[in-house]
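Undergrad: A structural model of the following input is requested.
(one chain, ligands or ions: 1)
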Amino acid sequence: MNPAQAERPVRAAQPVIPVYRPDLSGKERDYVIDCVDSTWISSIGAYIGKFEAAIAGVTGAKHALSVCNGTVALHLPLHCMGIGPGDEVIVPAFTYIASVNTIAQTGAVPVFAESLRGDWLLDPEDVERRITPRTKAIMPVHLYGGACDMAAIMDIAQRHGLQVLEDAAEALGTTIGGQHVGTFGHAGSFSFFGNKTVTTGEGGMVVTNDDALAATMRMTKGQGQSTTRRYWHEVLGFNYRMTNISAAIGLAQTERLPQILAAKRRVAKIYKESLAGMPVTFQQAMAGVESADWLVSLLLPPGTDRDRLMAEMQAVGVETRPVFYPAHHMPMYRREEHFPIAEDIAARGLSLPSFPALTDGELARVCEALVNSLRQQGKA
Ligand SMILES: *Cc1c(COP(=O)(O)O)cnc(C)c1O
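TA: Numbers count the residues shown, from 1 in each chain. Model prediction:
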């Protein structure tokens, strides 16, 4: 133990503030009980259609298809767009691994692209540089509630005849010029994992305005069964169906989406105001973007020992999370190339507790813990 550590005041134990805790305070319980009482607990039942309609309503998409998690919500459209061996799909190096895994699961090659310094998201100019004759699709990822530059990405896609699948897993509620993310490309995917803005435990949704793609996806997610002839399977299919119980929770959540989003945006605003004088850099949205502020995330000053800072914050009851490692550092996707901006964000990024029910007192504790830990390292 060094002297600085020995001098640190010992604090009374306080309840730990987690990074996330879902708000299930609406009709979630009633709807789940209704599923159990009615015995409709599997993937047929009234809540499935209601939840799909609710997400179609929120996003403004023509079709919304429920699936059993956010990962298959990416794999299903990739597969149904005909992406497979011999194809390349461009994806940011800085993303959650599911974006990359689902491309690899089709047999296509994920081609990594750089992120932008300001919003941490896919750099359209770098996308264009990486297009080859084998490129079939682009997967922009709307990380942390931010939104990619969809105007630039769709322009590139149109000029090169490419498909676009938006990974909007973290961006339910995010709009660009009033249009919901996930509806700019040919399809968009959402996740309802426990820490996402709307949760169903595990769950996902694919949205699209393309009637033919929607019909293919609906058939494929249910074992490729013909819609008119039972046990007649016309295409290779999967079982990617959501349960009625999950949809029941999702419907109750979506009914309160405006309140959940308002609470999350308030949390983000308070963090930004409270930490305004600190040498930290928040993810910045481009003009016209209204972020859902999924997880409030920032870059620590260069040279900060992030692990030590996180351990110190944990010691005073504040949980934080590092951002994702870049995909090209993973053993199965290792590349010789460098992505300096993606690597820098990955090395310095930190997510703060961002759940809707955070109180003013808890937010103040998080900020105090962060500032104190920065001071310990001479960074504030
Ligand atoms: C959560 C997430 C997914 C996958 O969702 P699951 O529901 O966990 O399978 C995909 N992409 C991104 C960016 C995510 O954050």
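Undergrad: only C-alpha atoms for contact and neighbour calcs from this point on.
TA: Will do.
Undergrad: now the strands for the stretch 51-200 of the chain?
TA: Remark: strands assigned in the stretch 51-200 of the chain by DSSP state E, counting those that start in this stretch are 63-67, 88-92, 109-113, 135-138, 163-167, 175-176, 179-180, 187-191.
Undergrad: same for the fifth one, what does it pack against?
TA: Just to be clear, that refers to strand 163-167. Helices and strands touching strand 163-167, by 3 or more Cα pairs under 8 Å, 6 or more residues apart in numbering; DSSP states H and E, are helix 72-80, strand 135-138, helix 150-160, strand 187-191.
Undergrad: please identify the most buried of these.
TA: Highest mean neighbour count of these: strand 187-191, a mean of 31 (counted as mean count of other Cα atoms under 10 Å).
Undergrad: and the spatially closest residue to Gly107 that is not a sequence neighbour, what does it touch?
TA: Spatial nearest neighbour of Gly107, excluding adjacent residues (Cα to Cα, 6 or more residues apart in numbering): Pro85 at 4.4 Å. Shown in contact with Pro85 (Cα atoms under 8 Å, 6 or more residues apart in numbering): 106-109.
Undergrad: swap in 10 Å and give it another go.
TA: Residues in contact with Pro85 (Cα atoms under 10 Å, 6 or more residues apart in numbering) are 103-109.
Undergrad: what's the spacing between it and the ligand?
TA: Distance, Pro85 to the ligand, by Cα to the nearest ligand atom, to the nearest Å: 22 Å.
Undergrad: also Glu170?
TA: Taking Cα to the nearest ligand atom, one finds Glu170 at 5 Å from the ligand.
Undergrad: what's the spacing between that residue and Ala187?
TA: 15 Å (Cα to Cα, to the nearest Å).
Undergrad: tell me how the chain divides into domains.
TA: 28-255, 257-376 (automatic domain parsing).
Undergrad: how far does the shortest one sit from the chain's center?
TA: Between the centre of domain 257-376 and the centre of its chain there are 14 Å (Cα atoms, centre = their mean, to the nearest Å).
Undergrad: can you tell me the distance between the two ends of it?
TA: Distance across domain 257-376, first residue to last, is 39 Å (Cα to Cα).
Undergrad: mind putting the strands of the stretch 51-200 of the chain in JSON lines, mean pLDDT and distance to Ala157 included?
TA: Below are these laid out as JSON lines (pLDDT from 0 to 100; distance: least, Cα to Cα, whole Å):
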{"stretch": "strand 63-67", "mean pLDDT": "98", "distance to Ala157": "22"}
{"stretch": "strand 88-92", "mean pLDDT": "98", "distance to Ala157": "11"}
{"stretch": "strand 109-113", "mean pLDDT": "98", "distance to Ala157": "15"}
{"stretch": "strand 135-138", "mean pLDDT": "98", "distance to Ala157": "8"}
{"stretch": "strand 163-167", "mean pLDDT": "98", "distance to Ala157": "7"}
{"stretch": "strand 175-176", "mean pLDDT": "98", "distance to Ala157": "18"}
{"stretch": "strand 179-180", "mean pLDDT": "98", "distance to Ala157": "19"}
{"stretch": "strand 187-191", "mean pLDDT": "98", "distance to Ala157": "13"}
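Undergrad: and of these, who's closest to the ligand?
TA: Relative to the ligand, the nearest member of the strands of the stretch 51-200 of the chain by Cα to the nearest ligand atom is strand 187-191, separated by 4.3 Å.
Undergrad: can I get that closest one as PDB, trimmed to CA atoms?
TA: Only the C-alpha atoms of strand 187-191 are listed here, as PDB (Å, rounded to 0.1, in the frame of the first residue of the first chain):
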ATOM      1  CA  ALA A 187     -33.600  -3.100 -42.300                       C
ATOM      2  CA  GLY A 188     -32.800  -2.100 -38.700                       C
ATOM      3  CA  SER A 189     -32.300  -4.300 -35.600                       C
ATOM      4  CA  PHE A 190     -33.100  -3.600 -31.900                       C
ATOM      5  CA  SER A 191     -32.200  -5.500 -28.800                       C
END
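Undergrad: that one close to the ligand?
TA: Yes - with Cα under 6 Å from any ligand atom as the measure, strand 187-191 is seen reaching the ligand through Ser191.
Undergrad: now that strand, how far from the centre of its chain.
TA: For strand 187-191, the distance from its own C-alpha centre to the chain's C-alpha centre is 9 Å (Cα atoms, centre = their mean).
Undergrad: repeat that for stretch 229-236.
TA: Computed by Cα atoms, centre = their mean, the chain-centroid distance of stretch 229-236 equals 33 Å.
Undergrad: quote the end-to-end distance of that stretch.
TA: End-to-end for stretch 229-236, by Cα to Cα: 16 Å.
Undergrad: same question for it, mean pLDDT?
TA: The average of the pLDDT scores along stretch 229-236 is 93.
Undergrad: strands along the stretch 201-350 of the chain, start to end?
TA: Under DSSP E, counting those that start in this stretch, the stretch 201-350 of the chain gives strands at 204-208, 281-282, 289-290, 297-299, 321-322, 349-351.
Undergrad: hmm, back to that, with distance to Met242 added, can I get the strands of the stretch 51-200 of the chain in a markdown table?
TA: Below are the strands of the stretch 51-200 of the chain laid out as a markdown table (distance: least, Cα to Cα, whole Å):
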| stretch | distance to Met242 |
| --- | --- |
| strand 63-67 | 5 |
| strand 88-92 | 26 |
| strand 109-113 | 27 |
| strand 135-138 | 26 |
| strand 163-167 | 19 |
| strand 175-176 | 26 |
| strand 179-180 | 23 |
| strand 187-191 | 12 |
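Undergrad: before we move on, back to that, just the domains of the chain: most buried one?
TA: domain 28-255 (a mean of 21).
Undergrad: can you give me the end-to-end span of that domain?
TA: End-to-end span of domain 28-255 (Cα to Cα): 10 Å.
Undergrad: stretch 244-263 too?
TA: End-to-end distance for stretch 244-263, by Cα to Cα: 27 Å.
Undergrad: now check that stretch, is it near the ligand?
TA: No - Stretch 244-263 is not in contact with the ligand by Cα under 6 Å from any ligand atom; minimum separation 12.3 Å.
Undergrad: please consider this matter closed, and thank you.
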